[in-house]
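In: Give me the fold of what follows.
(2 chains)
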Amino acid sequence: MKATINRLFFAITRSLDGPLMIAFAVLAAISLAVVFSASGGITFDRAMGQARNFGIALVAMWIIANIPPQTLMRFAIPVYLLGLGLLISVALFGEIRNGARRWLNIGFTIQPSEIMKIGMPLLLAWYFHRKEEGLSFKDYLIAGVILMVPTLLVMRQPDLGTAILIFSAGFFVIFFAGLSWKLLIAGGIGALASLPLLWNYVLHDYQRDRVLMLLDPTSDPLGAGYHIIQSTIAIGSGGILGKGWQAGSQAQLDFIPERSTDFILAVFGEEFGLIGVLLLFTLYLIIIGRGLMISINAHTTFARLLGGAVTLSFFTYAFVNIGMVTGILPVVGVPLPLMSYGGTAILSMCISFGMLMSIATHKQLVST
Amino acid sequence: MIGTTIKNREAELNVFRSRAIVAGLGILLAFAILTARMVYLQVIKHDHYHTLAEANRISVVPVVPTRGLILDRNGEVLAANTSAYTLEVTPAKVNNLDAVLDDLSNVVEIQPRDRRRLKRLLEESKNFESLPVRNRLTEEEVARFAVNRFRFPGFDIRARLFRNYPQGEIASHAIGYIGRINVADVKRIETNGLTSNYKGTEHMGKQGIEASYEAELHGSTGSEQVEIDAGGRAIRSLAKSAPTAGNDLKLTLDIRLQRIAEEAFDARRGSMVAIEPSTGEILALISKPGFDPNLFVDGIDPLNWDLLNTSADKPLLNRALRGAYPPGSTIKPFLALAALESGKRTPQQAISDPGVFRLPGVTHYWNDDKVGGHGSVDMVKSIVVSCDTYYYQLASETDIDDTAKFLGSLGFGGKTGIDIDGELEGTLPSRQWKSSRFAKATPDARKWYTGDSISAGIGQGYNAFTPMQLAHATATIANDGVAMRPHLVRTVTDAATGKAKAMADQVANKPTSLGLRPENVALIKEAMAGVVTAGTSARAFVNAGYVSAGKTGTAQVFGLKRGEKYAEGRVTEKLRDHAWYIAYAPADKPKIAIAVMVENGGKGAAAAAPIARAVMDYYLLGKLPDVKKIKAAEADEKPDDE
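Out: Model prediction:
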């Protein structure tokens, strides 16, 4: 009997990565506690919803983790093309909500840009894996096209946050593939140089406002600056030890907007203080470190590039969100990974990590 | 050429590793920046943000004190506070208010009157103030609104204390009313340095006791620290400094006496003031018609306002303090007293009254009211029968300035000092008065003539006094020439200590002896007692059961042409004589002094004296009046001499 249970447990956990799972479990627990607090601490509706989100996402992660990387590679082109096709459909006949065309109604509403978050690194990793024999400038040019077409489509919606995430996911693949430093630096300078153009011709008014607000949130304290002001007050007033769970005045009295989603860190920082924040940072660093280790130890170019990109994407999520909530980056709609309430974000994150776990647990198979 | 060519697996792996290390370092740097930012916010700037968070969540709101009660001398409630629900709107939060009100009227009854009032309030107040739409909602309406509340943003139900005047019109002029604080009030509050004490207060006294004793009634405003959410809604109370309720006022008024007097007036216009002579306490202060002060509490609607304001009967005019009328014959006892004091007359000195008075060298003559005259008239008789000729002659021999000086010492032509605002001084004619009154006229018109003195000598001409002044002067005589300052507030009960302090100490009782010779006062009192036993008011006081003293008066509203006989039925109501009666009782030890004036009431003996009788019957004997009898007496009375 005991042996059976042991075997079953092994069968289930065989494809999962221990350190990552531990970090996820701790994060999920924190997330549930903070979402509960952020939703007023009276009803369990939101916390239960978040638990369901985590449950579904973990199942999806387990399924993906059980698919060998070689099989995953076969999904690269279909997933990317599906994502691209849906993005084009959105641009043509997507649903407009809050002034943005991001959703597609196919019986139920989906946000195709989420698919692209997975499809992009998958396809580029596949592309560079195929070109193992040597990369030319032309290869990078093609990679650039693969990268930029969906990025621009998402940016047009407009959804700058997701566009940044899709772009960075793809960019990290190219970076790990070995794009020369010269080109990287040149590209960096070019990007800086094009900022004024971007500012004047690409960014929407509300996006420009958000950047300006970052520089001086007090210029419009009840309008665009409100989010930043209230979230920094929340975090700052939390102090070292925090005000205690469910005891954050900023959070409990509705001063923090979007407090269970994008601005959940403000609630967490207010109620758990610097101690809590450092714990969160540590967990994130564990996940990132583990991800990079898995990637370095991977046996195929595809696995390495995909693993590296997934890991750095995770970092990007965290950095952009934390930077935004603490007022050092403009407000873009990026959730805090594995913390913010929201099924889609957690699901796509866990699918990515499912792929990473697949890489971690299937390397023996590849090497034999 | 730019693309890095990777020859083998090993080289590729090296590239990946070095990139991973660079990325890892970059990530560590990024987290170091984030950590630094967190330390900056949560450690270095913690105090700053802590303060901001507290400021966010804590709001200090004023706690308005409960307004003091107003009670009559027996403790009966004249003004109280009742809790009720009110539906309020913040106009700034509502688009198209009229349409929303139409919709809202399906949920809560909104009458045209409510709309008119709201419209008026809208014009007077700022957009973000919360204004009452409907007051005193029923429980059912509150429940119905609560269910539909989401449909009406900007509307809210509040439980509030309302000022309530349970006596309605009774004593409305004395009690006054409160109303919403308007722009002029705000300025006054600012000038008096009371702005912080009036934070949150929406109403203040506008008239009568409510206005004059505002400082006592208001109380001191407390404050409450409330935790508020981002929407400004109060979540819970953190700390509270309780307000101190306003002080309760116990008036000198006897509301039952007041009611009896007002009922005795019935629909007639007029005024009555009753004073306790020994203290100056005002027992009743009547001005008819009155008004319902409850109408004013939350802003009167324009229709009712117009009705009150444009009514020919002037219900808003406090006749007792602001109505100046010629006193007619009621002035005679005072003029007689002046003559005694100055030595112009002795009690025994008698004249022969032929029914007419002539001045040497003047063609104009003055008629006595009684055709053929009263025969031989001494001072007592002149008062008892109200002989005009006696006073024509007296006036012709007396300098008007001396008369004015004496009457002034009794309070005529000046403020009696009653403790509510708005008292008028009336007109006490003198040379100086006439010359400044007609400053722009020819020198001839500014001159004082003996003829002026003669008219004034029977309480006509330029004389104009308030019922308050007559009552005060009567009380002073009743009190043997010692003037007591008339007042309406008896005690103030300190809300904080619960102790009552007598207002008498502060405002009222600085007895002012006029230095009159006792025998002179005694003679006047004897004569006034004679008026009741054998004179002009004998009929009104028949079988009274107590001895009172009085004087009737019938004041002409317009001058009669020479030889024309005044006939009551022929002149329009507004030109009929004003009926006066002044009195006090019991004659030996006066407990009450009264001045009654019935506007265009006709004869004083017929219209005014029965009211005084009813009031005295009740006050001295506890007898309830028979209103029908009073009216019958008025109709029955034959025009007598006065």
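
In: which regions of the chain lie under the pLDDT threshold?
Out: No chain specified, so I'll use chain A. For chain A, the stretches with pLDDT under 70 are A:98, A:132-134, A:213-224, A:363-368.

In: wrong one, chain B
Out: B:1-8, B:125-128, B:231-232, B:503-509, B:558-571, B:627-642.

In: Where does it get nearest to chain A, which residue?
Out: residue B:49 (2.6 Å; Cβ to the nearest Cβ). For the C-beta atoms, the positions are set from N, CA and C on the backbone; glycine is no exception.

In: Contacts only, for that residue.
Out: If a contact means Cβ atoms under 8 Å, 6 or more residues apart in numbering or on different chains, then residue B:49 has A:232, A:233, A:235, A:236, A:237, B:41 as its contacts.

In: Pull up the gap between the nearest residue to residue B:178 once chain neighbours are set aside and residue B:218, please.
Out: In space, and not counting its chain neighbours, residue B:178 is closest to residue B:203: 4.5 Å by Cβ to Cβ, 6 or more residues apart in numbering or on different chains. Per Cβ to Cβ, to the nearest Å, residue B:203 is found 10 Å from residue B:218.

In: Output stretch B:464-471 in PDB with nothing but the alpha carbons.
Out: Extracted in PDB, the C-alpha atoms of stretch B:464-471 (Å, rounded to 0.1, in the frame of the first residue of the first chain):
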ATOM      1  CA  ALA B 464     -46.800 106.700  18.900                       C
ATOM      2  CA  PHE B 465     -45.800 104.000  21.400                       C
ATOM      3  CA  THR B 466     -45.400 100.300  21.400                       C
ATOM      4  CA  PRO B 467     -47.700  98.000  23.400                       C
ATOM      5  CA  MET B 468     -44.400  97.000  25.200                       C
ATOM      6  CA  GLN B 469     -43.800 100.600  26.300                       C
ATOM      7  CA  LEU B 470     -47.400 101.000  27.600                       C
ATOM      8  CA  ALA B 471     -47.200  97.700  29.500                       C
END
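
In: and the stretch 201-350 of chain A, which residues reach chain B?
Out: Within reach of chain B by Cβ under 8 Å from any Cβ of the partner chain, the stretch 201-350 of chain A has these residues: A:230, A:232-240, A:249-250, A:253-255, A:269-270, A:273-274, A:277-278, A:281, A:284-285, A:288-289, A:292, A:295-296, A:301, A:304-305, A:308, A:312, A:315, A:319, A:322-323, A:326, A:328.

In: Of those, which belong to strands?
Out: In strands, judged by DSSP state E, none of those are found.

In: Report the buried members of those residues.
Out: Buried members of those, counted by 16 or more other Cβ atoms under 10 Å in any protein chain shown: A:230, A:232-239, A:249-250, A:253-255, A:269-270, A:273-274, A:277-278, A:281, A:284-285, A:288-289, A:292, A:295-296, A:301, A:304-305, A:308, A:312, A:315, A:319, A:322-323, A:326, A:328.

In: quick revisit: show me whatever sits in contact with both of residue B:203 and residue B:218.
Out: In terms of Cβ under 8 Å, 6+ apart, residue B:203 and residue B:218 are both contacted by the residues residue B:67.

In: Which one's more surrounded, the two?
Out: Neighbour totals were compared for residue B:203 and residue B:218, and residue B:218 leads with 26 against 23 (other Cβ atoms under 10 Å in any protein chain shown).

In: which one is the more buried one nearest to, not counting chain neighbours?
Out: What sits nearest to residue B:218 in space, not counting adjacent residues and going by Cβ to Cβ, 6+ apart, is residue B:246, at 5.1 Å.

In: could you point out the longest strand in the chain?
Out: Answering for chain A, as no chain was given. Criterion DSSP E: the longest strand present in chain A is strand A:100-105.

In: I was thinking of chain B, sorry if that wasn't clear
Out: Secondary structure assigned by DSSP E gives strand B:77-89 as the longest strand of chain B.
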